[in-house]
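Colleague: What follows is a predicted structure for the sequence shown.
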Amino acid sequence: MIKKVLVANRGEIAVRVMRSCREMGLTTVAVYSDVDRTAMHVRYADEAFAIGPSPSAESYLRMDKIIDVAKKSGADAIHPGYGFLSENAAFAELCEQEGIAFIGPSPFAIKTMGDKITARKTMIKAGVPVVPGTTEPIKDTKTAIEVINEIGLPVMIKASAGGGGKGMRLVKTEKEIINAISAARSEAKAAFGDDAVYIEKYISSPHHIEFQVLGDKHGNVVHLFERECSIQRRHQKVVEETPSPILNHEVRMKMGADAVAAAKAVNYYGAGTIEFIVDDDLNYYFLEMNTRLQVEHPITERVVGVDLVKQQINIANGMELSFRQEDLKQHGHAIEVRIYAEDPDNNFMPSPGIIKHISEPLGLGVRHDGYVYEGYEIPIYYDPMISKLIVWSESRDEAIARLKRALYAYKITGVKTSIPYLHRILEVPDFVKGRYNTHFIEENKEYLQPKQNCVDQCMEVAAITAFIDYINKLEQLQPARPDKHLGNNWKDLGRKRSVLRY
Ligand code: ADP
């Protein structure tokens, strides 16, 4: 049985994984790069080991160093988090060879699902619908044009090794084909060292809806329902919610059954996610499988009531799932927003720097998965996501109201953050109605401009006004009976502050 877990990651996910480990009575080991010496995950862990310079290629991606630390520290398992080595089949294999449990799926499942062309072929065999397109890499532009003529424009050119939206190009007209293929190829080669690309029909007005699955080493697989992740900027998710506002019971059950079939096709064990693309008529197609824990996993944990990290560890221990499909239910509504250290009003420029002040939202139905603290310097080397704010309530409307309340209470100074932008998203009528697809951000540009919906600016104006009020009040307070006045003043000030929704 696993007793000591090395977490091969940093940031919020490293802390989140360690939290479950601690609850399970497991000892935790952190690894850190030079710049992360004072990071939260290092402080949180029972033990911490330096693994090299700040660039991830020299630290968090160095399999040899991580395995070395696991051996030195006596860790019997490695949790890879997400990103970094989490979907690296060679790393999973190396862990196995070294006798260290990899808290994740088999190298075979990672390899099969990591290559989009192989994954498409596997899904077709398993009877799971895939987006119409090719099942072999494009050899030359002549064949590409023939295929495109057959399936019809528009199409997507996609990298087989793709991830993070890289190596993907939309082709609307015939004259764009050649350039799109070569651009997708060179981007894929630079990002993944593999320039194989394929063609997929472009689904217009698409929804990105993914299903969480859990499988054990005894062949049991269940799904934990969906996450609606259609609010994306440059193919990166910004807001996620569950249940999806567009699915009905019948389609949900069909998609869930297909997600289970997809996982079973690769004898999947561990936590994984089947991503589907869904059109307005609720036709759905397999897009890809992520063979790891997702950033947005907390909304599933909240609505289904399952600790996914704990499940991952139990599965790695060889335990059978303790529930069957019929035991799992969705309860209430959860929404997650990702908070980035970036300036939404300056082309989303990363905003690294020192956190001067942070006050995190609290209260009923609020979860905050973060890792920064006052005085902490956000490094330039890694993803600028600093935290995730997750809310839950009985209904979608109440969850939105709760998220607004929590976002108003969330204060970070020292770096710019995406909080003002998230406020604006929550006010967009299409979001409020739950009628949106992956074009949401593009189609609601006007609403998302700072001037069109000035929640943040209004907040600043309100703060200045309140401050002037406060000074005026103090000036009026030159009392003959100070105690009484001070008492009244305290109440008044409290009311002013609540108007500001701090
Ligand atoms: P990656 O692995 O690089 O993230 P995905 O295949 O998961 O790539 O696609 C990322 C996003 O791109 C999807 O969520 C969707 O918004 C869009 N997309 C991908 N394929 C298609 C398609 N065939 N039609 C329309 N949109 C697509």
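Modeller: Structure received.
Colleague: what does the chain put close to the ligand?
Modeller: Selection of the chain residues close to the ligand by C-beta under 6 Å from any ligand atom yields 131, 156, 162-166, 168, 200, 202-203, 206, 208, 232, 235, 275, 277, 287-288, 438. The C-beta positions use only the backbone N, C-alpha and C, and glycine is treated the same way.
Colleague: Need the nearest residue in space to Phe323, chain neighbours excluded.
Modeller: Leaving aside its sequence neighbours, Phe323 sits nearest to Val222 (C-beta to C-beta, 6 or more residues apart in numbering; 7.0 Å).
Colleague: try Tyr410
Modeller: In space, Tyr410 is closest to Pro361, 4.9 Å off (C-beta to C-beta, 6+ apart).
Colleague: Kindly tell me how buried Gly434 is, as a neighbour count.
Modeller: 15 (other C-beta atoms under 10 Å).
Colleague: just checking, it touches Thr242?
Modeller: No - Gly434 is beyond contact range of Thr242, at 12.0 Å (criterion: C-beta atoms under 8 Å).
Colleague: So, low pLDDT: which residues of this structure?
Modeller: Along the chain, the model assigns pLDDT under 70 to residues 451-502.
Colleague: how does it look with 50?
Modeller: Applying pLDDT under 50 to the chain flags the ranges 452-454, 478-502.
Colleague: Quickly note the distance from whichever residue of the stretch 351-500 of the chain sits closest to the ligand to Ile425.
Modeller: The ligand sits closest to Thr438 of the stretch 351-500 of the chain, with a gap of 3.9 Å, by C-beta to the nearest ligand atom. Here Thr438 is placed at a distance of 14 Å from Ile425 (C-beta to C-beta, to the nearest Å).
Colleague: Neighbour count for those two, which is higher?
Modeller: Ile425 (23 against 19).
Colleague: Now for that one: which residues touch it?
Modeller: The neighbours of Ile425, taking C-beta atoms under 8 Å, 6 or more residues apart in numbering as the test, are Ile231, Val238, Val239, Val337, Phe431, Leu448.
Colleague: now the residues of the chain next to the ligand: which count as buried?
Modeller: Among the residues of the chain next to the ligand, those classed as buried by neighbour count (16 or more other C-beta atoms under 10 Å) are 131, 156, 162-163, 166, 168, 200, 202-203, 206, 208, 232, 275, 277, 287-288, 438.
Colleague: among those, which are in helices?
Modeller: For those, not one is inside helices, with DSSP state H as the criterion.
Colleague: Looking at these, which are in strands?
Modeller: Among these, the ones falling in strands (DSSP state E) are Met156, Met168, Glu200, His208, Gln232, Glu275, Ile277, Leu287, Glu288.
Colleague: Spatially nearest residue to the third one, not counting backbone neighbours?
Modeller: Right, the one you point to is Glu200. Gly133 (3.8 Å).
Colleague: Now for the ones in strands among the buried ones among the residues of the chain next to the ligand: which two are most distant?
Modeller: Glu200 and Gln232 (16.9 Å; C-beta to C-beta).
Colleague: Could you find the closest non-adjacent residue to Ile335?
Modeller: Nearest one to Ile335, counting by C-beta to C-beta, 6+ apart, is Glu241 at 4.4 Å.
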